[in-house]
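K.L.:
No letters, just coordinates:
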């Protein structure tokens, strides 16, 4: 596996040449990444040339529809799913809410669903609300010290009544990567549907959905270098079974039954720019180019990004482990976590630490980051919460050094 050409990667992000962002090191990528140039270009072009109702019988409309279809085709290829298994929506939170309503009609009083207290509230709250309809909600709880989920604990929760298991690919606080395929196998053996929140994982490389065997996988394109849209994959047989959430006359259209409102045409079309960027990364680093199918391209790009991020994560965790005035939320081993590192500061309020880092032009935040239940379960006050340091492959070693030096002075 080649090493990431960092200069090549950063050249695809206009943010790194933007004067107003000059000298700022961005460490709040888990809240939203920089958009890559191809996405911005496609969005601009769509608004200039094709901002009309798509799929009509005139050139601008036809082109708009083709660009939207291109986005679906290319993103489905990278995720290794069929095109009609990919659904767009305004956000992951709203996509999850719509899914919960779609499931409501097929669940009966006394049926059970399992959620975790490790999740972002988006993949927890909507399912928990089904308790109002007589559904039994069981909580798979984290270890309060490590913040991790133990798959063995799931065995005690699964039953013949379990209909759905919702959990994160990795937490946006503790960063530990959950063994999705293993958990899915357990859930499927009990006859349950598997819903995976991939929002905090997908920025570090698109997953192979078939390999994970997730029935539903959700993430946010604005955290994967794209526009502000949510994306979810739903296995075709499951989508056909779910209750229609769109207009009644669209019930037979699998791509419309989980989209109550009209989609954002421009942002959907622009999301093909993510595939443009991943294609550019692949072809720059691998010689066999056009001969490789999109799913394999996705696996290679994933490994490329992951390798770069692990290299950056190691020195940061080494530094944090040496301090006795902070608590690392989650594992300190870079091999088992994503580069989203939250810390609890023991001797100095986290907002004061962030203010000190701001003076060094380090962009980061303090919050519970919608993982209120997780922060509370780990014994930390959800308000103000934890200080989070999150980065992706385009972060440079020099920025990691700056972060460590800023933390040294701010703490």
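P.N.:
Arrived safely. Since the structure is predicted, the reported quantities are computational estimates derived from the model, not experimental observations.

K.L.:
Neighbours of the closest residue to residue 205 other than its chain neighbours, how many?
P.N.:
Nearest residue to residue 205 in three dimensions, chain neighbours excluded: residue 302, at 3.0 Å (Cβ to Cβ, 6 or more residues apart in numbering). (C-beta placed from N, C-alpha, C; glycine too.) Neighbours of residue 302 under the rule other Cβ atoms under 10 Å: 18.

K.L.:
immediately after the one helix or strand residue 302 maps to, which helix or strand?
P.N.:
Assigned by DSSP states H and E, residue 302 belongs to helix 294-321. Sequence-wise, the next helix or strand downstream of helix 294-321 (DSSP H and E) is strand 326-328.

K.L.:
And the contacts of that next one?
P.N.:
317, 320-321, 341-346, 411 (Cβ atoms under 8 Å, 6 or more residues apart in numbering).

K.L.:
residue boundaries of the helices in the stretch 51-200 of the chain?
P.N.:
For the stretch 51-200 of the chain, helices defined by DSSP state H, counting those that start in this stretch occupy the ranges 59-79, 92-104, 125-128, 151-157, 180-189.

K.L.:
Any chance of TSV for the ones you listed, columns mean pLDDT, mean neighbour count and distance to residue 229?
P.N.:
Shown next, in TSV, are those (pLDDT from 0 to 100; neighbours: other Cβ atoms under 10 Å; distance: least, Cβ to Cβ, whole Å):
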stretch	mean pLDDT	mean neighbour count	distance to residue 229
helix 59-79	98	19	10
helix 92-104	96	22	9
helix 125-128	97	20	18
helix 151-157	97	13	31
helix 180-189	98	17	23
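
K.L.:
of all those, which lies closest to residue 23?
P.N.:
helix 92-104 (32.0 Å; Cβ to Cβ).

K.L.:
Tell me how far the closest one lies from the chain's centre.
P.N.:
Taking the mean of its C-alpha atoms, helix 92-104 sits 16 Å from the chain's own mean (Cα atoms, centre = their mean, to the nearest Å).

K.L.:
Can you list the helices and strands that that helix packs against?
P.N.:
In terms of contacts (3 or more Cβ pairs under 8 Å, 6 or more residues apart in numbering; DSSP states H and E), helix 92-104 is packed against strand 86-89, helix 125-128, strand 193-197, strand 216-220, strand 230-234.

K.L.:
again, only using 6 Å
P.N.:
When contacts are defined as 3 or more Cβ pairs under 6 Å, 6 or more residues apart in numbering; DSSP states H and E, helix 92-104 sits against helix 125-128, strand 216-220, strand 230-234.

K.L.:
who's in contact with the last one?
P.N.:
If I follow you right, that is strand 230-234. 81, 85-89, 91-92, 95, 209, 216-218, 220-221 (Cβ atoms under 6 Å, 6 or more residues apart in numbering).

K.L.:
which ones are touching residue 10?
P.N.:
By Cβ under 6 Å, 6+ apart, the contact set of residue 10 is 16, 394.

K.L.:
Which pLDDT value goes with it?
P.N.:
Here the pLDDT value assigned to residue 10 is 98.

K.L.:
If you drop the residues flanking it in sequence, what lies closest to residue 91?
P.N.:
That would be residue 230: by Cβ to Cβ, 6+ apart, it lies 4.5 Å from residue 91.

K.L.:
cool, and residue 308?
P.N.:
That would be residue 4: by Cβ to Cβ, 6+ apart, it lies 4.1 Å from residue 308.

K.L.:
Distance of that neighbour relative to residue 346?
P.N.:
For residue 4, the distance to residue 346 equals 35 Å [Cβ to Cβ, to the nearest Å].

K.L.:
Can you give me the first-to-last residue distance of stretch 128-141?
P.N.:
14 Å (Cα to Cα, to the nearest Å).

K.L.:
what does it rub up against?
P.N.:
104, 107, 109, 111-114, 116-117, 154, 157.

K.L.:
Go again with 7 Å.
P.N.:
100, 104, 107, 109-117, 127, 149, 153-154, 157, 167, 377 (Cβ atoms under 7 Å, 6 or more residues apart in numbering).

K.L.:
Go through that stretch and flag the buried ones.
P.N.:
For stretch 128-141, burial by neighbour count (16 or more other Cβ atoms under 10 Å) applies to 128, 130, 135-136, 138, 140-141.

K.L.:
Kindly report the same for stretch 9-24.
P.N.:
9-10, 12-13, 15-16.

K.L.:
Then stretch 370-384?
P.N.:
370-375, 377-378, 380, 382.

K.L.:
Show only the entries of these found in helices.
P.N.:
Residues from the buried residues of stretch 370-384 lying in helices, with DSSP state H as the criterion: 372-375, 377.

K.L.:
The helices and strands packed on helix 92-104: which one's closest to residue 332?
P.N.:
Nearest of the helices and strands packed on helix 92-104 (Cβ to Cβ): strand 216-220, 25.5 Å.

K.L.:
What's the local residue count around residue 237?
P.N.:
Number of residues near residue 237 (other Cβ under 10 Å) recorded here: 9.
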